[in-house]
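J.: one predicted model, sequence on top.
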Amino acid sequence: MIPVSFSSVSGGYGTLNVVEELSGEVGAGQVLCIVGRNGVGKSTLLKLLLGYLPCRSGEVTIGGRKAGSMAPEARRGLGVSYCPQERPVFDDLSVSDNLALMSRDGRLDSYRPFFDLFPVLERRLAQRAGTLSGGEKKLLSFTRGLAEGQPAVVLDEPTEGVQWENIQRMADMINGRKAGGTAFIVVEQNLSFAELVADRYLVMDHGRCVLTGSRTEVGRADIVKHLTV
């Protein structure tokens, strides 16, 4: 079963289509990296896949089921976690409470592997999440998303503002989850990070796919060419 697939998806805001006829899929134990310049529709595509925006055309399938007009909560129920680029955490809650929301029993024991990788989160458990730096909020969002244990995880610019040593740890965590069968869709501008985790690339420009292929088929020079046009 393909955790997430999309075919000829189009949509946007108001009467404007931002995404045009995009297709792709990510299998279990794979990472699809979506890259492109700012403003080309990457985050909009994720919102279309996850039900935050309606698709004007095309089809989204999650866990083998057609998502149709399902609300975001229903799509999450099909097995997808989402870490958004904007407002990635609940600012008014403590770090501890942000994490407890993703725990079935409200305990934080299951977060030990994350605290070992990102000790700053454990040090800040009592701190209000809104007072964290941008990079620390990204680490908190990343931790919450992966801790859900869903078959698929969608990450929108997960390394924005994050220190390189923690970016490498994020890559290690993703690659470990890949080995266990988790699928990832990652929107990312940091090519060095993308190269650590990607199995396939989808390069976007002006809402369309301009290049796609496996990591052996698509090299850094091919991607950079589309980022600098």
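T.: All right, it came through fine.

J.: thought Ile174 was touching Phe184?
T.: Yes - using Cβ atoms under 8 Å, Ile174 is in contact with Phe184, at 6.1 Å. The C-beta positions use only the backbone N, C-alpha and C, and glycine is treated the same way.

J.: quick one, which of those two is more surrounded?
T.: Per other Cβ atoms under 10 Å, whichever of Ile174 and Phe184 has more neighbours is Phe184, with 27 against 23.

J.: just give the nearest non-adjacent residue to that one, would you?
T.: Closest residue to Phe184 apart from its sequence neighbours, by Cβ to Cβ, 6 or more residues apart in numbering: Val31 at 4.3 Å.

J.: show the model's pLDDT score for the one you found.
T.: If you check Val31, the pLDDT there is 98.

J.: and the helix or strand of the chain with the lowest mean pLDDT, which residues are buried?
T.: When each helix and strand of the chain is scored by mean pLDDT, DSSP states H and E, helix 220-227 comes last, with a mean of 91. Within helix 220-227, the residues scored as buried using 16 or more other Cβ atoms under 10 Å are Ile223, His226.

J.: what's the answer for stretch 123-136, then?
T.: Arg124, Leu125, Ala129, Leu132, Gly135, Glu136.

J.: pull the most distant pair out of those residues.
T.: Farthest apart among the buried residues of stretch 123-136 by Cβ to Cβ are Leu125 and Gly135. That separation is 17.3 Å.

J.: could you give me the average pLDDT of the helix or strand Glu122 falls within?
T.: According to DSSP states H and E, Glu122 maps onto helix 119-123. Average pLDDT, helix 119-123: 96.

J.: export that helix as CSV, just CAs?
T.: This file holds the C-alpha atoms of helix 119-123, laid out as CSV (Å, rounded to 0.1, in the frame of the first residue of the first chain):
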residue,chain,number,x,y,z
PRO,A,119,18.4,17.9,25.3
VAL,A,120,17.3,21.5,24.9
LEU,A,121,13.7,20.3,24.9
GLU,A,122,14.1,18.5,28.2
ARG,A,123,15.7,21.6,29.7
